[in-house]
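Peer 1: just coords:
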């Protein structure tokens, strides 16, 4: 398109002279060309489109590395690059998948400039920790960041997304959505505050994040409230190693570190244990109602102020001695004491078909899998607080839930039971699941009623199980800790086990399966450990010296 003299003058005067000179210095050393394409539809607001043209023409005057072209939305390149909205800017589409749906004006001018620079560099400019997280992403991520030209925080999040797309060009695609031009998309995704970030159909962040939290949210496919730096250290020395990152372990870490003990926490999975999978917590002191994951995030962020945490790092072996040596999947730890806060895992029904159909209709977490069953029939098996809470959660998600309980009365708290009845959720009393059936996925369950002695089948699309917990005592058994008849770790009331220097806390000890109880046990164990390391009870008294 040939520019008129007025267009050329508008481009030349679009940016202040001092800004032009600064940008020239920034763009001059960039090694790569920066292709940018503007797609627009004929007949639209030409004044706005002309503003976009003038902006890009002004940037071309700053650097000859910027290669700008304009196409009609009906051009053959539009479907090739997945363009179906006007106006849309596409950046280096042969290398990356980065689009701006709208025109980057106002605060979003910062997003445009940083995107051009990153493409000119051909590097993401993520820091080392963020790049390590990105290296773990091996599945496609379709990122959509909703922004507004009046939002000063939006460019930070938009540029985070651009950096991710440049770091993983084959896997990460990015659409920066200007809500002023795309009200229908904002309505569809309920993006009524910006910035807001989605990966596919999953909301992964509200607000702007540091790049480490952004890439962690992108990896985990849910918003992350804290970032744990990766460690390359082959060996870590500490006073105390806590195994388990649930409420007991996190609380113990805070108390131990504040007592002056060098403390680390090692967790084989993600932090939080069962709490992170709890839909709603309503009985934690000081917090009237909170999602389990949010409560864990608060605890973890607090603990990280005091201790180093090693998530997704299972302990493979413990060698007793002075010091105690621990081997994980990534490194060795040396410690004066070890606290086992390994928690408890969901019990299984033991019914035929349960293991085979796990993940294909059989689930132990309504928070994780419940949304997949909206409008479908599901069974919730259990009768305690967790089972009733999860049944209510499934109901609110839109599932057609039936509670199955092997007794004639529920063990849940009264207000939960009343809520269940108020919602008219069916309950099958004195009934247990004998078999879970289905070829590729769950289609029905066989039920047995202990009172009527009758067997019947119930068509369902999913089976959620919440019938209690089994303590995680594999490591305890491995090193010879005494267990209770119920299979929990035996301790002396102050969290000392039968092996000096090894302690326990939380659900792995049995007792009430409550968050506040586990947290209290973690605090008490940490104080006992501090006292014992200061005055080791296991050291034999030295004989009195002779005069």
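Peer 2: Cool, got the structure. Please read all numbers here as calculations on a predicted model, not as lab measurements.
Peer 1: Pull out the buried positions in the helix or strand hosting residue 238.
Peer 2: Using DSSP states H and E, residue 238 sits in strand 235-243. Within strand 235-243, the residues that count as buried by 16 or more other CB atoms under 10 Å are 236, 238-243. Bear in mind the C-beta positions are built from the backbone N, C-alpha and C, glycine included.
Peer 1: Could you do stretch 508-517 as well?
Peer 2: Buried residues in stretch 508-517 (16+ other CB under 10 Å): 508-510, 513, 515, 517.
Peer 1: among those, which are in helices?
Peer 2: Using DSSP state H, the subset of these located in helices is 515, 517.
Peer 1: What is the nearest of the buried residues of stretch 508-517 to residue 52?
Peer 2: residue 515 (53.1 Å; CB to CB).
Peer 1: List the single closest residue to the closest one in space, sequence neighbours excluded.
Peer 2: Nearest residue to residue 515, sequence neighbours excluded (CB to CB, 6 or more residues apart in numbering): residue 247, at 5.1 Å.
Peer 1: If I look at that neighbour, what pLDDT would I see?
Peer 2: Listed pLDDT for residue 247 reads 95.
Peer 1: Could you report the distance from residue 488 to residue 475?
Peer 2: Per CB to CB, to the nearest Å, residue 488 is found 13 Å from residue 475.
Peer 1: isn't the residue nearest to residue 515 right next to residue 271, touching?
Peer 2: No: using CB atoms under 8 Å, residue 247 is not in contact with residue 271, being 10.0 Å away.
Peer 1: Name the next helix or strand following the strand holding residue 238 along the chain.
Peer 2: Helices and strands here follow DSSP H and E; after strand 235-243, the next one along the chain is helix 247-258.
Peer 1: list the helices and strands the helix or strand following that following helix packs on?
Peer 2: Sequence-wise, the next helix or strand downstream of helix 247-258 (DSSP H and E) is strand 263-266. The elements that strand 263-266 packs onto, with contact taken as 3 or more CB pairs under 8 Å, 6 or more residues apart in numbering; DSSP states H and E, are strand 235-243, helix 247-258, strand 308-310.
Peer 1: Out of those, flag the one nearest residue 22.
Peer 2: With CB to CB as the criterion, residue 22 lies closest to strand 308-310 of these, at 41.2 Å.
Peer 1: Contacts for that closest one, please.
Peer 2: 228, 231, 236, 245, 253, 264-267, 271, 300, 303, 328, 330 (CB atoms under 8 Å, 6 or more residues apart in numbering).
Peer 1: again, only this time at 6 Å
Peer 2: 228, 264-266 (CB atoms under 6 Å, 6 or more residues apart in numbering).
Peer 1: cool, stretch 175-188 as well?
Peer 2: By CB under 6 Å, 6+ apart, the list of residues contacting stretch 175-188 reads 99-102, 144-148, 158.
Peer 1: And it, what's buried?
Peer 2: Under the neighbour-count rule (16+ other CB under 10 Å), stretch 175-188 has 175-182, 185-186 buried.
Peer 1: Buried residues in stretch 68-85, which are they?
Peer 2: Buried residues in stretch 68-85 (16+ other CB under 10 Å): 68, 70-71, 73, 78, 81, 83, 85.
Peer 1: swap that for stretch 458-465, sorry
Peer 2: Within stretch 458-465, judged by 16+ other CB under 10 Å, the buried ones are 458, 460-465.
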